[in-house]
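> The following block contains a protein sequence and its predicted model.
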Number of protein chains: 4
Amino acid sequence: MKIIAIVFFALCALAAVVFVMSPGLAGQAVAPAVTTKTQLIEDLVYGNRILYNEGVVDAFGHISARDAQNPTRFHMSRSLAPSQVTSKDILEYDLDCNTVGAPVAVGYGERFIHCGIYRARPDVRAVVHAHSLSLIPFGVTKTSLRPVFHMGGFLGNSTPIFDIRDVAGPTNMMVTTNQLGDALAKTLGDHPVVLMRGHGDTVVGDSVQQAVVRAYYAEVNARLQGEAARLGTITFLSSEEAAKAAESVPIQRAWEMFKTRIGKLE
Amino acid sequence: MKIIAIVFFALCALAAVVFVMSPGLAGQAVAPAVTTKTQLIEDLVYGNRILYNEGVVDAFGHISARDAQNPTRFHMSRSLAPSQVTSKDILEYDLDCNTVGAPVAVGYGERFIHCGIYRARPDVRAVVHAHSLSLIPFGVTKTSLRPVFHMGGFLGNSTPIFDIRDVAGPTNMMVTTNQLGDALAKTLGDHPVVLMRGHGDTVVGDSVQQAVVRAYYAEVNARLQGEAARLGTITFLSSEEAAKAAESVPIQRAWEMFKTRIGKLE
Amino acid sequence: MKIIAIVFFALCALAAVVFVMSPGLAGQAVAPAVTTKTQLIEDLVYGNRILYNEGVVDAFGHISARDAQNPTRFHMSRSLAPSQVTSKDILEYDLDCNTVGAPVAVGYGERFIHCGIYRARPDVRAVVHAHSLSLIPFGVTKTSLRPVFHMGGFLGNSTPIFDIRDVAGPTNMMVTTNQLGDALAKTLGDHPVVLMRGHGDTVVGDSVQQAVVRAYYAEVNARLQGEAARLGTITFLSSEEAAKAAESVPIQRAWEMFKTRIGKLE
Amino acid sequence: MKIIAIVFFALCALAAVVFVMSPGLAGQAVAPAVTTKTQLIEDLVYGNRILYNEGVVDAFGHISARDAQNPTRFHMSRSLAPSQVTSKDILEYDLDCNTVGAPVAVGYGERFIHCGIYRARPDVRAVVHAHSLSLIPFGVTKTSLRPVFHMGGFLGNSTPIFDIRDVAGPTNMMVTTNQLGDALAKTLGDHPVVLMRGHGDTVVGDSVQQAVVRAYYAEVNARLQGEAARLGTITFLSSEEAAKAAESVPIQRAWEMFKTRIGKLE
């Protein structure tokens, strides 16, 4: 019996070694465990703080997360600068952007970005809307945002631009109705990022973590692309390289470091 | 009687809900309540600190506010770096830039920027003068500063440039007389921003809050425009889009976040 | 007797008003009072810290000051990163870069920049040597650094470039002998700034304060000029404007703010 | 006997003076003393923190050091963001990237960059892999990274670019096998830096200190080169100047300042 145990533990150790040393596995993100609502809200608060702390949003911009249990609900702060959001500020919405239960506070005027995308994209579990400074120039010119390095691989081969004028004529540039939300989601298609002409960008992910890390690296990639374009003709990642790189990025390592920079939530 | 009261309050609650959930209204700035002198001075001190903290001014630059009760008076710090201004440093001026009462300290040499504009523009309640680094290049070249995104919508269709040489020949570039103040105000016209060749910029608003947030986003817009111009031809906001966007920006959300970054005044 | 006193004080008040309100005087730098050695060393330590804190130097670069009483002596830190300099690290040198008294520590290898300039320029009382990131590009291309705004007015009409290769053939780029110091001072001529090809820059002033504030604004002006050049043809300050602007800048206001950002010296 | 001692010490003092005042010697790096394993690990932890603190790495990138006694071993953190590495996280590897002893934690997926270079370059004692933002644009265009100033002299006359596609076709861009490590080391050749197309860069040194300071200045040089290229044709350091400058840089002064900015390790 003792020998069996020894052999068993030896095999365990061997398996651990194989796992640790395997180039294909080591350092990759593991699929996240099931998320409770408490955990989701905490992630959402961290997401708000991180987006601000890393320069993705300023006083404006917002992040939402689809409910972990009920896919027809999502959570997002009341109208507040992201740096100031706490768990008490998170409202619950249905997929038409109505608050669930009695409304306790004013929501973001542009919440329709979020419900529009949740309606159209069942795979999406988190949405970030930002006025990322490095992305805006790509939304107002004909230069297409494409992956300059592996961390931008998720961008794929091109990034669509939503011009609100095409669907609504002259406006205040903001997505403030369900119709506009639908139009934005249509332009997004199955991409991870949509640029919004004269306004900003919207980034989606299969988790708060992925959406935040993508929003951060979309910004970094844009900065790199602008600089590289000034040096000469850019060799972008090919579609195949981009797809493989996107699968390999350890999202969790970036998320944990971003959280460390925030510290404990008060 | 009691029932009437209940119905009345229920209607109030309903109205509040309608207001909160209305896409067209939610998130918009509400007209500020009447401001006391104490509140105005506090806003002015915050304005100084925020302009410094957000990189709009360095050791130079200044902000003033028209008196809340007497439109022929305005308030501005004595000659001091904006980051060091406290409520005790605020002087009161008349519209010819004479201090009201016995002068207790040296004023800014360029206070004539402020009184010049207050004389010419009754609608203006606050003036910011800065050497914003992103704006100066637009004042020394023929590239016109225009709105790249909705937050810069207030810029309208163009931004005038004041060349002091046109009115006074070779000078030290500074607006140090009432005549020069008049000339600057004339170039400003009914715009929110005037660039000053080889010097900086001046931004006006209907409140300290609006002038500060505009000064910040004028700077951001300039940075975006410079970067976008290097990527290709820019699609600017149309005049109509710019006007609608300018009306929709929730100034107060930015102001509150900027204040939070400063913390309590000592 | 009482009446005379009243008249006297009234005249005082009037004089104060005239001074304060006079555009030509208000806000200008006043000639500094005589400086003691203790004060000079403290200024020098602040100068080191400020240059680092404002991004003018990193681990390298140095600042020196001519002795307040004996013009054949000057003071500079031993070989140390500027951010770490304290009053105990300041050495005294003669104009051939020999330390006065027993040498107590290793000096900067490039101290010959300083004594070379003090020998050639009796008007110079402080010297800053830096590898300012915005200035280096101007030293390796044919683009001449010129005043884009009034704060850069002191640059005058052009900025000379010292190419060490012209006087010493291929070297390690550093000014490490009295002969090289002489050559650098010759290229500097009566300018306030000399760029050093493939190396950095050297800035002089009539006080530690002026040299530090000039080193800071030379850097800012370079950044502005680079950006403006990308927007279009630049209208620089004319020679006359530059000279007038240079005379009007209140050095002391910038110096005091820079000091405040450092806080008390330990 | 006493007199001999006095003469002897006087000669010592004289020698010290000559050394201190000698332009050719003062300020240069002295060859480091033999390093213990404890010291090496501490340097490695500081290296991680410094690379993060100075903006060379973000959540990704890593640094390793060859063992001080056994050149067939090297040390590197487990898979962790560099800002979070402590001495307890350092693993020991052999030159095939197997952990020595029982593996206690998951290693970096790209550790093969390190062992590949240690196999090929006996002179290398430390390796930094980073996604330095200023270097990536040089890896995706045909612009060659070259020394713009003396601090970049170590770059020599050119910088090789590794395109993983040339050796492995479409991949996720990462160096995750010994074969890819060999290919990278081959492209590196005897250079100090190799750029990796669509990914980042790898920098080597004869000590942790040298590798870190080089990684920092490679980044700075790239930023300067990008800016200078926009101003006009660049006069780079000649090969001879670059070689001489590389020998003269006081690595230790930068390292000590970087350490001071980190403070004591917890």
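All right, it came through fine.
> and the residue most central in space within chain A, what is it in contact with?
Of all residues in chain A, the one closest to the mean position by CA atoms, centre = their mean is residue A:211, 1.4 Å from it. For residue A:211, the contacting residues are A:47, A:63, A:126-128, A:203-205, by CB atoms under 8 Å, 6 or more residues apart in numbering or on different chains. The way it works is simple: take the backbone N, C-alpha and C, and place the C-beta from them, glycine included.
> How about residue A:110?
So residue A:110 contacts A:62, A:129, A:174-176, B:27 (CB under 8 Å, 6+ apart).
> out of those residues, which touch chain C?
Among these, no residue is within reach of chain C (CB under 8 Å from any CB of the partner chain).
> Which of these are buried, as a PyMOL select command?
Selection of the buried residues among the contacts of residue A:110 in PyMOL, burial being defined by 16 or more other CB atoms under 10 Å in any protein chain shown:
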select buried, (chain A and resi 62+129+174+175+176) or (chain B and resi 27)
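> Just name the closest of the contacts of residue A:110 to residue C:194, please.
residue A:129 (50.0 Å; CB to CB).
> In terms of helices and strands, where is the single nearest residue of chain A relative to chain C?
Across chain A, no residue is closer to chain C than residue A:230, which sits at 9.1 Å (CB to the nearest CB). Secondary structure from DSSP states H and E places residue A:230 in helix A:208-231.
> Equivalent analysis for residue A:194, please.
strand A:193-196.
> Summarise which helices and strands that strand is packed against.
helix A:136-139, strand A:161-162, helix A:178-188, strand A:200-205 (3 or more CB pairs under 8 Å, 6 or more residues apart in numbering or on different chains; DSSP states H and E).
> Spit out the contact partners of residue A:126.
Contacts of residue A:126 (CB under 8 Å, 6+ apart): A:47, A:63-66, A:204-208, A:210-212.
> and the gap between it and residue A:37?
Look at residue A:126 and residue A:37: by CB to CB, to the nearest Å, they are 14 Å apart.
> thinking again about what came up before, tell me which residues of the helix holding residue A:230 are tucked away?
Buried-residue list, helix A:208-231, by 16+ other CB under 10 Å: A:208-231.
> mean confidence score for that helix?
For helix A:208-231, mean pLDDT is 98.
> Equivalent analysis for stretch A:115-134, please.
On average, stretch A:115-134 scores 98.
> ok, and for it, which residues are buried?
A:115-121, A:124-134.
> For the stretch 101-250 of chain A, what lies in contact range of chain D?
So the stretch 101-250 of chain A meets chain D at A:147-151, A:153, A:220, A:223-224, A:227-228, A:230-238, A:240-241, A:244-245, A:247-248, A:250 (CB under 8 Å from any CB).
> Which among those residues count as buried?
Judged by 16+ other CB under 10 Å, buried ones among these: A:147-151, A:153, A:220, A:223-224, A:227-228, A:230-231, A:234-237, A:241, A:244-245, A:248, A:250.
> give the contact list for residue A:183.
A:116, A:162, A:164, A:167-168.
> if I read this right, residue A:73 contacts residue A:99, doesn't it?
No. Here residue A:73 does not reach residue A:99: they are 10.5 Å apart, not a contact under CB atoms under 8 Å.
> The two - which one has more neighbours?
Taking other CB atoms under 10 Å in any protein chain shown, residue A:73 and residue A:99 do not tie; residue A:99 has more neighbours (19 against 16).
> residue contacts, the residue lying closest to the more buried one once chain neighbours are set aside?
Nearest residue to residue A:99 in three dimensions, chain neighbours excluded: residue A:91, at 5.4 Å (CB to CB, 6 or more residues apart in numbering or on different chains). By CB under 8 Å, 6+ apart, the contact set of residue A:91 is A:75-78, A:99, A:103-105, A:107.
> Mind jotting down where the helices sit in chain A?
A:2-21, A:37-53, A:112-120, A:136-139, A:164-168, A:178-188, A:208-231, A:239-248, A:251-262 (DSSP state H).
> out of those, nearest to residue D:86?
Going by CB to CB, the one of the helices of chain A nearest residue D:86 is helix A:251-262, 12.7 Å.
> can that closest one be found next to chain D?
Yes. Interface with chain D: helix A:251-262 contributes A:253-254, A:256-258, A:260 (CB under 8 Å from any CB).
> In CSV, list those along with neighbour count and pLDDT.
Formatted as CSV, these follow (neighbours: other CB atoms under 10 Å in any protein chain shown; pLDDT from 0 to 100):
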residue, neighbour count, pLDDT
A:253, 20, 93
A:254, 23, 95
A:256, 16, 95
A:257, 19, 94
A:258, 23, 97
A:260, 12, 95
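> Let me know the closest of those to residue B:185.
residue A:258 (47.4 Å).
> Now that closest one: closest residue in space that isn't a chain neighbour?
Using CB to CB, 6+ apart, the nearest residue to residue A:258 is residue A:50, at 4.4 Å.
> you'd agree the one you found is up against residue A:259?
Yes. Using CB under 8 Å, residue A:50 is in contact with residue A:259, at 7.1 Å.
> of the two, who's got more company?
Neighbours were counted for residue A:50 and for residue A:259 using other CB under 10 Å; residue A:50 has more, 27 against 18.
> For that one, list the residues it contacts.
Applying CB under 8 Å, 6+ apart, the residues near residue A:50 are A:56, A:212, A:216, A:255, A:258-259, A:261-262.
> How about residue A:64: what's its closest non-neighbour residue?
Closest to residue A:64 by CB to CB, 6+ apart is residue A:76, at 3.8 Å.
> how many neighbours does residue A:49 have?
For residue A:49, using other CB under 10 Å, the count is 21.
> That one contacts residue A:81, correct?
No. Checked against CB under 8 Å, the pair residue A:49 and residue A:81 is beyond contact range at 10.8 Å.
> List the residues that contact residue A:71.
Residue A:71 neighbours (CB under 8 Å, 6+ apart): residue A:122.
> avg pLDDT for stretch A:71-87?
97.
> what's the first-to-last distance across it?
20 Å (CA to CA, to the nearest Å).
> Give me the buried positions along it.
So, applying 16+ other CB under 10 Å, buried residues of stretch A:71-87: A:73-85.
> what does stretch A:56-69 give?
Those would be A:56-68, for stretch A:56-69 by 16+ other CB under 10 Å.
> How about stretch A:104-113?
A:106-113.
> From those, pick the one nearest chain B.
Using CB to the nearest CB, these come closest to chain B at residue A:109, 3.3 Å.
> Quick check: that closest one touching residue A:176?
Yes. Using CB under 8 Å, residue A:109 is in contact with residue A:176, at 5.3 Å.
> Now for residue A:101, how many residues are close by?
Residue A:101: 7 neighbours (other CB under 10 Å).
> again but with residue A:243, I slipped
By other CB under 10 Å, neighbour count at residue A:243 equals 18.
> who's in contact with it?
A:153, A:156.
> thinking again about what came up before, quickly name whichever of the contacts of residue A:110 is closest to residue D:196.
residue A:129 (33.1 Å).
> hey, what's the closest one bridged with?
Going by DSSP bridges, residue A:129 is paired in beta bridges with residue A:62, residue A:202.
> just for chain A, where's the confidence low?
Counting by pLDDT under 70, chain A has low-confidence residues at A:1-34.
> what's near enough to touch residue A:181?
Neighbours of residue A:181 in contact, by CB under 8 Å, 6+ apart: A:97, A:112-117, A:119, A:175.
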